[in-house]
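Chemist: Predicted model, plus sequence, below.
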Amino acid sequence: MTRYDLIVVGAGPSGLSAAAEAAANGLKVAVFDENARPGGQLFKQIHKFFGSKEHKAKLRGYDIGTELLKEAQEQGVEVYLNAVVAGLYADKEIVVRLGEKVAHFKGDTVIIATGASENMLTFEGWTLPGVMGAGAAQTMMNINRVKPGERVLMLGSGNVGLVVGFQLLQAGCELVALVDAAPRVGGYGVHAAKVARTGVPFYLSHTIVKAEGTDRVTGVTIGEVDSKWQVIPGSEKRFDVDTICIAVGLSSSTQLLKMAGCELAERAAGAGYLPVCSDVGETSISGLYAAGDVSGIEEASSAMLEGRIAGISAAGKLGFAAQEAVTARLATLTTALEALHEGMFAPKNRGKSVDKTEEGYDVSTNLLKKGYLADEEITKYPGVKSVSGIHPVIECTQNIPCNPCQDSCPKKCITVGGNIVTLPVFDEKAGCIGCGQCIAACSGQAIFLVNEDIGDGLAAVTIPSEFLPLPEKGERGAALDRAGNVIGTAEVTDVKSVKSFDHTNLVTFTVPKELGMRARFWRKGAAI
Amino acid sequence: MRITEHPILGASEERRTVTFTHDGAAYTGFEGEPIAAALKAAGIVIHRYTKKYHSPRGVFCAIGRCTDCVMVVNGQPNVRTCVTPLAEGMTVDTQHGAGGEDRQ
Amino acid sequence: MSNVSDVIVIGAGIIGNATAYFLTKKGLKVTVLEKSEYIGNGGSSRNGGGVRQSGRHPAELPLVMYGVKNYWPTLSEELGTDVEYYQEGNLRLGKTPEHIKTLEGLTNSAAAGGLDVRMIDYDEARAICPYLSDEVIGASWCPTDGHANPLLATLAYYRAARRNGARFISGAEVVEIKKVAGRARKVVTTDGVYEADAIVLTAGLESNRILESVGLRVPMNPALLECLVTEDSPPLFYQMLGTAMADFYGHQSKHGSFVFGGTTGFEPYTTLGKTPPATSSSAPGTCRGIIKYFPILKDLKIVRTWAGWMDDCMDHIPVIDAPEEVPGLVIGCGFSGHGFGISPTAAVILSQLAVGENTVLDISKFKYDRFKVRT
Amino acid sequence: MSANDRSREIGEFTAAPDDDMIVCRCEEVTKGEIRRAIHDGMFNAHEVRRFLRCGMGLCQGQTCARLVKAIVARELGVSQGELEDATGRAPARPIEMRIFASERGRDE
């Protein structure tokens, strides 16, 4: 039987990272993945990632996937694709479907990195064609390049719902509403804000009452829920849609771990059964590791670090890496992982409502309830200062682990500091030159350049734009505020598309001066 | 329904066009794309009717796990169309119930 | 609630559940104690569902024939749950002259026991099941054999017994049986002490651990049993199928899926763990066996495989007895992988033993003390 | 009374408006059928599954396992953490018999 030092199941962010890390230490490594392409969910992730340089922040998911794959291949990792791991048996043996045959392989160590699958919820009509997971919609549009539908309603305001909602807009779909039964937006405020400013209404404390249609979805009714999650009669609203996307969380895909007989337990109420793992991801079975979402749902950035931690641990366990080297490497990786575990959205804060930032600023309730910051509260935050001349407006108001803006500014206008979750502070004395690097660097599309008075009663606003078609210089369109309401006419004065901005275009428009601190989106067509 | 220009992903790459049939009618799609994608692009969303209640089903998870999108492909029932690549000359048929009446 | 009842049944597999059911029908107060959190989580939920008379050990034949005559055809109606019983016959197939010889031996022995079973040639076998491979040269045919759904039958007995008032306690392991004044009377579990006039032990492999507390032992070993199930398919045939070599057995269920069991030869050598370990070589082997006999099934997809433990007795037939040396105790274990088909009969006998009634059939072949040293 | 006592009172089955909602998409098992089975003594998702086939279809419970568990927990008035997860069994995805039967390295 073919034997490897390490078998990795799943070629997603954690699996590839684990494989690359182990192979770099001399292990003979094979990765098996059921899909035709490696990368797991990374190639569906077309947005820029959060984090710091070590977390590959401000790179888009698919670029991280390409990089990881290249690294794994350079390290000599064998990647088996279209390879369904049917079972994990005694003695760390796997049975894999390869084409028209099955094959048996054994690993001295095995890392399970099978990720997660989407949770679902039931409502009348939920089995109709047109109701699908948000991940399904993402696969359809970003991998298969086919629109999942024309008019879509998104259920779920966690990061998946928000990110996929935005990507639906980028694919040219209409997003009629973003709905969540919870009273607060679950995902990052910056993700919500970039959806809200395009005019998508948020319905918090709402759920789907029913999907309509006989053969396919033709409409949806939502209703407001009371404190017991019951729909309040008379609160129903109806939308014409052909697609309903469900983004109500993920569950770890633990089947192989269960088959192997690993111990599983519920770490927190309602979190589902997860493998009981050591600090380095080793399960109750010696030499069998779990890394990434399969060991607990987090972001791709943490999955990559968990993969590397398991990979270097396997190398240490099998005697390929010296103990001191393993310890040192683990320290680096763990520090990086801990940084991601800080902030308001940290795993430890799940289910809690955080009302103040670590610096003591009130978290915007508008942002939590409607998806956008109110005009009057914006200057409360340290990234926003109303000053003369061109200056960045950093609408980043929650403690999330992210700092590329700090490094992007050649004039050091922006400071996050040593703690990666600290809100960025704008220093008006540093002398902004309006280069726009910060706009492109911000994964949350939360930075704008504003000159509140350029004369003639006008203000100039530069926004990040990731939509097609790009406006033409001189084109007049509608200026939308943070809530997505049309507040006036805006004339485009500059469109900057720079390769290093990585598909984030900088669109500058002028608006009446009083709208300079309000206009945050430009829409084609008349201002009606 | 196809996304030809995308603000991030750019223009879609050139792919070989293949012909397939769906319930007897001829369609085209791209070689190697999931059958489900070709169907979606052609506006077909009903993949099967269930056994007990004869209710319509379509793409639900799109990653080969939920098995809701199965159809009769080249005579074989229960083929997951969201992960099965399209090939020239495929016959793709709406599945009724368990399908497979014609397996022999 | 009082922990005193008329009878305690230890083990909520199909034998225990059916015994409890028959006891409640007698109007008795019954408590069933089950170690697992789940009812019927052992062999009862893991077997292939055969309700076969052919191919049985001669000693067991009267039990299964009695069940096929008196219980199985009306079981769904009696229990109020469709147990998916099909009485469409059993084909046991052979491909070589040696196979035919084996089948003839089994057939002669069963026919001598009064069973309607005979050898048939390829053409007759094809007429019964048109999907047979042409490598088959003959078969034994028992028209009154059949199959049922073991998951449903096990839970149907549980449900009916519970409705009749039996008290089921799951998730509590029996620690020991205690005698009171020379009679087995108390059962100590991890969550309490239960007491009854009679104790019926139907705990499969676990029985020996419990018997130890009253100084008894049944010579049995764990043996692995592995099964698989396919996607559902339009109806093809409903006979129970087997081969002379016993390399696989199975049937199409009411649902449309095919359930097959198979053997690799490694069954006796598996480590006894917490959960029965499915082995990596079983499903491939079973599939090869099936395709040789039924090529039409080759494209069916396997959706699940599983394993279970059999309580394989020294002579491969069960102990069904109220051993004289421990009054108050009734033993029903060591069913050796063929307990499902005889479960109704075995249970009715166990219920009779528990209350000191005459049994419907002679049980002298199943005595506790039948095992003797070789010389 | 012990939590494992199957005679424990969980109240009568009462019909609910969403009883005809499909929960297991493959085997088309409804919420009402599941709730009824629980009141019939199937006190965990394993027994419900064996009794009704929910989670036994082509996908093997990948979508409904959590939903069924939630219904059981609610009906019994226990937390979901008290109920064990569905088991994991090979094959992780449906695989044809002829493919299972062809093992690489065998007879080659």
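Modeler: Arrived safely. Residues are numbered from 1 along each chain as shown, chains lettered A, B, ... in the order given.
Chemist: which phi and psi does D:Ala73 have?
Modeler: Dihedral pair for D:Ala73: phi -60, psi -50, per degrees, to the nearest 10.
Chemist: which residues touch the residue lying closest to it once chain neighbours are set aside?
Modeler: Leaving aside its chain neighbours, D:Ala73 sits nearest to D:Gln80 (4.5 Å; criterion: CB to CB, 6 or more residues apart in numbering or on different chains). Every residue, glycine included, has its C-beta placed from N, CA and C. Neighbour list for D:Gln80: A:266, A:269-270, D:69-70, D:73 [criterion: CB atoms under 8 Å, 6 or more residues apart in numbering or on different chains].
Chemist: pLDDT score for the spatially most central residue of chain D?
Modeler: Central residue of chain D (CA atoms, centre = their mean): D:Arg49, 3.6 Å from the mean position. The model reports D:Arg49 with a pLDDT of 97.
Chemist: Could you pull up phi and psi at it?
Modeler: According to degrees, to the nearest 10, D:Arg49 has phi -60, psi -50.
Chemist: quick one: it from A:Ala83, how far?
Modeler: D:Arg49 sits 29 Å away from A:Ala83, going by CB to CB, to the nearest Å.
Chemist: Can you find the helix or strand of chain B with the lowest average pLDDT?
Modeler: strand B:10-11 (a mean of 94; mean pLDDT, DSSP states H and E).
Chemist: Name the next helix or strand following the strand or helix carrying A:Ala328 along the chain.
Modeler: Element membership for A:Ala328, per DSSP states H and E: helix A:323-340. Sequence order places helix A:365-370 as the next helix or strand after helix A:323-340, per DSSP H and E.
Chemist: List the residues that contact the closest residue to A:Ile244 other than its chain neighbours.
Modeler: Closest residue in space to A:Ile244, ignoring its immediate chain neighbours: A:Val131 at 4.7 Å, by CB to CB, 6+ apart. Contacts for A:Val131 were tallied using CB under 8 Å, 6+ apart; they are A:125, A:211, A:217, A:243-244, A:246, B:60.
Chemist: of all the residues in the stretch 251-375 of chain C, which ones are close to chain B?
Modeler: Taking CB under 8 Å from any CB of the partner chain as the contact definition, the stretch 251-375 of chain C meets chain B at C:256, C:296, C:299, C:301.
Chemist: and the closest residue to chain D within the stretch 401-528 of chain A, how far is that from A:His55?
Modeler: Nearest to chain D, among the residues of the stretch 401-528 of chain A, is A:Pro401, at 28.8 Å (CB to the nearest CB). Relative to A:His55, A:Pro401 is positioned 8 Å away (CB to CB).
Chemist: Now list whatever residues contact both of these two.
Modeler: Shared contacts of A:Pro401 and A:His55, counting by CB under 8 Å, 6+ apart, come down to A:339-340.
Chemist: Report how many residues lie close to residue 85.
Modeler: Because you didn't say which chain, this covers chain A. 27 (other CB atoms under 10 Å in any protein chain shown).
Chemist: Actually, chain D is the one I wanted.
Modeler: Neighbours of D:Asp85 (other CB under 10 Å): 20.
Chemist: try D:Arg50
Modeler: D:Arg50, neighbours per other CB under 10 Å, totals 25.
Chemist: Up against chain A, what does chain D have?
Modeler: D:18, D:21-23, D:25, D:31, D:62-63, D:66-67, D:79-81, D:84-85, D:87-93, D:95, D:98-100, D:102-105.
Chemist: Pull out the buried members of these.
Modeler: Those of those that meet the buried threshold are D:21-23, D:25, D:31, D:62-63, D:66-67, D:80-81, D:85, D:87-93, D:95, D:98-100, D:102-103, by 16 or more other CB atoms under 10 Å in any protein chain shown.
Chemist: Inside strands: which ones of these?
Modeler: D:22-23, D:95 (DSSP state E).
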